[in-house]
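Engineer: got a predicted structure plus its sequence, pasted below:
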Amino acid sequence: MPADDIDRALLCDRLALAVREAGALALQTFRRQPVNWIKGVSSPVSEADVAVDALLRERLLTIRDAGWLSEETEDDPARLRRAEVWVVDPIDGTRAYLAGLAGWVIAAALVRAGRPWVGALYAPVSGELFLAVAGEGATLNGAPIAASTGDHLAGATFSGAKRRLDSLAAIEPRIATVPRIPSLALRLARVATGALDGTFVAPNSRDWDLAAADLLVHEAGGLITTLKGESLIYNRPDPVHGVLVGAGLARHARLLDAIRDRLAEFA
């Protein structure tokens, strides 16, 4: 095995241990009314988010000296000068966490040259550990996963913002829809396992919401792109993304074709 592949395998193992430890820490205050507040306009944050962020920063920077980009850490432009950067969401789905619901995850990815190289999502309540290594596939609790195949929209299951699903239903009324999962990263992981056939991502998602899940979907045989089919680039000065679409390869192509003349409506 090439040295680079050995390096990634070790990174993945140690990353798995780190997110499991972070999940155990988050569970200590789950359903116990942790101190929480609002940052910005309407984003909730809790003492658990901050504690998990600190733990992951210590663990991950010990594993790999790299730049750092996290939802709960003040952004340091020095990350832009690094060849690699850790991209972390300590708790993706904080609203679900504070409501005592299961739909939240710990998300972490190591980004190299703008794309995720190794990624992990851990859902502590369900015990689901998703791992992906660029070029090596994706797993759920050690078993390989794959996005759903086929390009049909009729009968396919989608999740996302209602207005975009309504717009898709106007094109193909026979789609099936399910409620939106609180954690965006977990929703994309469901695409990677084939539990969802596709999803639309609302504008203003950040690198930390997407990087690990993007790698999972990609390595499971799917794609997450802009509405024009452009791949996502991470660790830019402004880590914000527009409307995105995720699905297995064939269905992703079919979706882009279906909305090609209605981009303004979906955007």
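Structural biologist: Alright, I've got the coordinates.
Engineer: ok, the closest residue to N204 other than its chain neighbours - contacts?
Structural biologist: Using Cβ to Cβ, 6 or more residues apart in numbering and skipping the chain neighbours, the partner closest in space to N204 is V240 (5.9 Å). Just so you know, the C-beta spots here come from the backbone N, C-alpha and C atoms, and that holds for glycine as well. Neighbour list for V240: 204-206 [criterion: Cβ atoms under 8 Å, 6 or more residues apart in numbering].
Engineer: got the confidence number for V240?
Structural biologist: On the pLDDT scale, V240 is placed at 98.
Engineer: ditto for A146
Structural biologist: Reading off the model, A146 has pLDDT 98.
Engineer: how close does it sit to V105?
Structural biologist: 20 Å (Cβ to Cβ, to the nearest Å).
Engineer: more neighbours: which of those two?
Structural biologist: More crowded of A146 and V105, by other Cβ atoms under 10 Å: V105, with 35 against 15.
Engineer: quick one: that one and S183 touch, right?
Structural biologist: Yes. In this structure, V105 is within contact of S183 by Cβ atoms under 8 Å, at 5.2 Å.
Engineer: overlap in contacts of those two?
Structural biologist: In contact with both V105 and S183: 92-93, using Cβ under 8 Å, 6+ apart.
Engineer: quick one: which of the contacts of V240 has the most company?
Structural biologist: For these, neighbours were counted using other Cβ under 10 Å, and S205 has the most, 20 neighbours in all.
Engineer: contact partners for it?
Structural biologist: 184, 240-241, 244.
Engineer: put the buried members of the residues you listed into a PyMOL selection.
Structural biologist: Here is the PyMOL command that selects only those of those that count as buried (16 or more other Cβ atoms under 10 Å):
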select buried, resi 184+241+244
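Engineer: now render the contacts of S205 as CSV, adding secondary structure and distance to G127.
Structural biologist: Listed next are those as CSV, based on DSSP: H, G, I helix; E, B strand; the rest coil; distance: Cβ to Cβ, whole Å:
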residue, secondary structure, distance to G127
L184, helix, 20
V240, strand, 32
H241, strand, 29
L244, strand, 28
